[in-house]
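K.L.:
next comes the sequence, and after it the predicted model I'd like to discuss.
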Amino acid sequence: MDAIETNRLVLRNFRSGDALGIYAYLKEPGASCFLSMKLDDMGAAEAMVENRSRSDDHIAVCLKDSGEVIGDVFAVPEEDTFAVGWNFNGDFSGCGFASEAARALFSYLFSVRGARRLYAYVEDHNRASRRLCERLGMRQEGLFLEYVAFKKDDSGEPIFENTVQFAILRKEWLQSGER
């Protein structure tokens, strides 16, 4: 994909040299849903960057002034619908970067990729991502009780988490004036 620039960010495909940035936020993932992506070392980070560089599904989010990778957004296509999400380095939380990146991604998906509908799954206890979905104009479509387990307790039993589904249609995005 072509790079997308915002006021403070560049969204682009992953490329060689991004391993340090991705390792910074995936060595200890903040959200349970990213625990399966936990990186143990720089070799694993380099392999992940190489894998992601071959696809438009995961997009690096970089600071415009330094080029530093501070997170990623993803958009997995399902015909005219995309599953979307974001994962950011906690050192950059509270600065509005996730919101800025997600707005740029949504605009791109609706205007360039012709998306009709975007949806996201968020653990019900992940308040920051839930608020971001709401700021993006997404509506809550459902709450899945004990939907998925990312961890196990001390006896090896799965710890199931509740998951909220949010979505937005292209016509809702356009009506909100986001374009």
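P.N.:
Here it is on my side, so go on. Numbering: from 1, shown residues only.

K.L.:
count of residues packed around Leu39?
P.N.:
By other C-beta atoms under 10 Å, 20 other residues sit near Leu39. In this view, the C-beta of every residue, glycine as well, is placed from N, C-alpha and C.

K.L.:
Ser53: what's it in contact with?
P.N.:
Residues in contact with Ser53 (C-beta atoms under 8 Å, 6 or more residues apart in numbering) are Asn13, Phe14, Arg15, Ser16.

K.L.:
what are the phi and psi angles of the last one?
P.N.:
Translated: Ser16. As for Ser16, its main-chain torsions (degrees, to the nearest 10) stand at phi -50, psi 140.

K.L.:
can you check the second one too?
P.N.:
Listed backbone geometry of Phe14 is phi -60, psi 150, with angles given as degrees, to the nearest 10.

K.L.:
circling back to that earlier point, of the contacts of Ser53, buried ones?
P.N.:
Neighbour-count burial (16 or more other C-beta atoms under 10 Å) applied to the contacts of Ser53 gives Asn13, Phe14.

K.L.:
with distance to Val112 and pLDDT added, can I get the contacts of Ser53 in a markdown table?
P.N.:
Converted to a markdown table, these look like this (distance: C-beta to C-beta, whole Å; pLDDT from 0 to 100):
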| residue | distance to Val112 | pLDDT |
| --- | --- | --- |
| Asn13 | 15 | 97 |
| Phe14 | 19 | 97 |
| Arg15 | 20 | 95 |
| Ser16 | 25 | 91 |
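
K.L.:
average model confidence for the top helix by length along the chain?
P.N.:
As assigned by DSSP state H, the longest helix anywhere in the chain is helix 97-111. For helix 97-111, mean pLDDT is 97.

K.L.:
which elements pack onto that helix?
P.N.:
Where contact means 3 or more C-beta pairs under 8 Å, 6 or more residues apart in numbering; DSSP states H and E, helix 97-111 is packed against strand 4-5, strand 9-13, strand 58-63, strand 69-78, strand 81-88, strand 117-123, helix 127-135, helix 170-175.

K.L.:
so which of those is the most surrounded?
P.N.:
The highest average neighbour count among the helices and strands packed on helix 97-111, using mean count of other C-beta atoms under 10 Å, belongs to strand 58-63 at a mean of 23.

K.L.:
gap between that strand and the chain center?
P.N.:
The chain centroid and the centroid of strand 58-63 are separated by 10 Å, computed with C-alpha atoms, centre = their mean, to the nearest Å.

K.L.:
Ser107: neighbour count?
P.N.:
By other C-beta under 10 Å, 15 other residues sit near Ser107.

K.L.:
and if you look at Tyr23?
P.N.:
The number of residues packed around Tyr23, counting by other C-beta under 10 Å, is 21.

K.L.:
can you identify the element that follows the helix or strand it falls within toward the C-terminus?
P.N.:
Using DSSP states H and E, Tyr23 maps to helix 19-26. Downstream of helix 19-26, the first helix or strand assigned by DSSP H and E is helix 42-52.
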